[in-house]
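Enquirer: turn this into a model:
(one chain, ligands or ions: 1)
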Amino acid sequence: MESALTPELARTYLDWLIELGADDAISDAPIDRYGLQDKVKPAPAVAVAAAPGVIPAKVPDEVDPVAVARAASQGAGDLAALKAALASYEHCELKRGARNLVFCDGRPGARVMVIGEAPGRDEDREGRPFVGRAGQLLDRMLGAIDLSRETSVYITNVLPWRPPQNRDPKPDEILMMQPFLARHIELAAPDILVIMGNISCQAVLGKRGITRLRGTWAEAFGKPVLPMVHPAYLLRTPAAKREAWADLLELKARLRS
Ligand code: URA
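Expert: Take a look at the predicted model:
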């Protein structure tokens with residue numbers, strides 16, 4: 001049975017398209033992508049024959065983006081240096097489509113570090129994590145247990161750049177950001193990690209299944225970790241708020257103990 005397109009339904013579709021970034025300009029000037037196809041031709045392969053008796057130079061191995069990320073993040077001695085290392089990291093494609101690097105918000109040194117997934121449209125515009133609708137809900141959730149990003153919580157994401165159209169990050173993108181995340185945790189030195197959503201579970205615990213994992217303490221990077229469902233999921237599924245509330249109380253109790 002077809003449902004009639006009511007103004008409310010049309011508005012919902014429109015909101016959804018905007019959330020996906022349909023009204024975002026990716027660059028300042030338009031690009032004719034149909035025209036590009038003819039212009040970009042693969043360079044002809046050049047056969048290089050070694051002269052007799054000459055040992056051909058070793059072709060350098062392809063760069064390993066994870067190794068580069070590890071070296072860059074280990075070299076960072078504080079949070080500002082880590083942000084600068086991320087800003088000059090050139091191996092993640094997401095960087096090219098993003099407007100801003102989204103590094104952190106909240107209080108460095110706070111006991112609680114919240115790790116979200118990736119910036120959305122609003123975060124990409126502002127360069128701060130969790131400032132859109134999900135972020136506003138996150139603030140209310142934290143407030144309900146007397147925490148706030150101003151005083152007692154430090155916030156970051158697994159990915160510092162917005163994926164195009166808010167698509168899920170690819171496994172290799174998560175992998176190359178992991179060394180930065182590990183160093184970020186080391187430098188922010190929280191007592192407790194709260195990881196929100198499946199991407200964060202994948203990056204921190206190496207597994208997914210947030211509906212099963214949520215509310216059960218785990219350990220990673222030598223710290224207690226509480227997986228919770230993502231606030232964006234709670235916006236779509238208000239019935240899950242009850243479990244999220246139980247998880248917040250669990251967090252509050254742990255902070256008191
Ligand atoms: N969702 C996230 O996981 N992080 C943000 O910063 C915003 C939305």
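Enquirer: just say helix, strand or coil for Val114.
Expert: For Val114, the secondary-structure state derived from DSSP: H, G, I helix; E, B strand; the rest coil is strand.
Enquirer: typo on my end, Ile155
Expert: Applying three-state DSSP to Ile155 yields a three-state assignment of strand.
Enquirer: excluding its backbone neighbours, what's nearest Glu93?
Expert: With sequence-adjacent residues excluded and distances taken as CB to CB, 6 or more residues apart in numbering, Glu93 is closest to Glu173, at 7.5 Å. For glycine as for every other residue, the C-beta is placed from the backbone atoms N, C-alpha and C.
Enquirer: can you show me the CA trace of the helix or strand that the one you found is a member of as CSV?
Expert: Secondary structure assigned from DSSP states H and E places Glu173 in helix 171-188. Taking Å, rounded to 0.1, in the frame of the first residue of the first chain, the C-alpha atoms of helix 171-188 are listed here in CSV:
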residue,chain,number,x,y,z
PRO,A,171,37.9,-0.4,7.9
ASP,A,172,41.2,1.0,6.6
GLU,A,173,40.1,4.5,7.7
ILE,A,174,39.4,3.3,11.2
LEU,A,175,42.7,1.4,11.2
MET,A,176,44.8,4.4,10.2
MET,A,177,43.2,6.6,12.8
GLN,A,178,43.7,4.1,15.6
PRO,A,179,47.3,5.2,16.5
PHE,A,180,46.1,8.8,16.8
LEU,A,181,43.2,7.7,19.0
ALA,A,182,45.5,5.6,21.2
ARG,A,183,47.9,8.6,21.7
HIS,A,184,44.9,10.9,22.2
ILE,A,185,43.8,8.7,25.1
GLU,A,186,47.3,8.6,26.5
LEU,A,187,47.7,12.4,26.4
ALA,A,188,44.2,13.2,27.7
